[in-house]
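K.L.:
pasting the sequence and the predicted coordinates here, then a few questions.
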Amino acid sequence: MAPYYTVVGSPVGELLLVGDGASLTGLFMLPDAKYVPEVGAEWRRDAAPFAEVERQLEAYFAGELRVFDLQLAPRGTSFQKAVWRELTTIPFGATTSYGALATSLGSPTASRAVGAANGRNPVSIIVPCHRVIASNGALTGYAGGLDKKQRLLALERGQRG
C-alpha cells in the first residue's frame, strides 16, 4: 500500500509527515535533513491521516505538550528500534549522552552504534533524538541539522518552569 504524506509548517521549518493511514512512519525536517525519503509518484498526499499528529505538534511548539501520544510504526532494525524506544524515556527539556544511552541499553561500549541508530530515527521530534548530546555537553550530529537541534532544545528548556 502506498504511503500517505503531507507537509506542514513549524517553528523549525517544514516537516514531511509520512504514514500508512493508521500510524506515523516518518517525520522529516525539510529541506536539508539527511535520510529524507523521496516522495514517490504512487504516494498519496492527504492531510487527513495526520490531523492528530498536527494537533500534537502545534501543542508541543506552543509549549502545551511535553509527551506525544501517537501511534508510531518506524521501520528499522531491532537494535535501531530499541534505541528509538529508549529515546522516548528522555524527559522533556533534559539531555543525555550517546554513552549513557548505550549503557541504559545494556551495551556500554556501543555509543557509536547508538549514535548511528539515533541519526536514523525516522520520527524526529516525536521520538526525541534531539535530546542526545556528546558526553562533554556539545551538540553533535543531528539529521535535521544542528541549528534545528539547538532550536528544539532551547524551546524545551524555555518551557520548563
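P.N.:
Perfect, thanks for sending it. None of these values were measured; they are calculated from a predicted model.
K.L.:
what sits against the nearest residue to residue 39 once chain neighbours are set aside?
P.N.:
On the basis of C-beta to C-beta, 6 or more residues apart in numbering, the spatially nearest residue to residue 39 that is not a chain neighbour turns out to be residue 5, at 6.1 Å. Any C-beta I mention is one placed from the backbone N, CA and C, and that applies to glycine too. With contacts taken as C-beta atoms under 8 Å, 6 or more residues apart in numbering, residue 5 has the following neighbours: 16, 17, 18, 19, 39, 43, 44, 45, 46.
K.L.:
can you tell me the helix or strand for residue 5?
P.N.:
Taking DSSP states H and E as the definition, one finds residue 5 inside strand 4-8.
K.L.:
what pairs with that strand, and is each one parallel or antiparallel?
P.N.:
With DSSP bridges as the criterion, the sheet partners recorded for strand 4-8 are strand 15-19 (antiparallel), strand 44-45 (parallel).
K.L.:
list just the one of those strands that sits closest to residue 62.
P.N.:
strand 15-19 (15.2 Å; C-beta to C-beta).
K.L.:
and the next helix or strand past that closest one?
P.N.:
Following the chain from strand 15-19 toward its C-terminal end, the next helix or strand by DSSP H and E is strand 24-29.
K.L.:
so which bits of that next one are buried?
P.N.:
By neighbour count with 16 or more other C-beta atoms under 10 Å, strand 24-29 contains the buried residues 24, 25, 26, 27, 28, 29.
K.L.:
quick one on the thing from earlier: deepest of the strands paired with strand 4-8, which one?
P.N.:
Ranked by mean neighbour count, those are led by strand 15-19 with a mean of 21 (mean count of other C-beta atoms under 10 Å).
K.L.:
how far off centre is that one?
P.N.:
Strand 15-19 has its C-alpha centroid displaced from the chain centroid by 11 Å (C-alpha atoms, centre = their mean, to the nearest Å).
K.L.:
next, find the distance separating the most centrally placed residue in the chain from residue 7.
P.N.:
By C-alpha atoms, centre = their mean, the chain has its centre lying nearest to residue 124, at 1.2 Å. Using C-beta to C-beta, to the nearest Å, we find residue 124 at a distance of 15 Å from residue 7.
K.L.:
just the contacts of residue 5 now: which is nearest residue 107?
P.N.:
The shortest approach to residue 107 among the contacts of residue 5 belongs to residue 18, at 29.3 Å (C-beta to C-beta).
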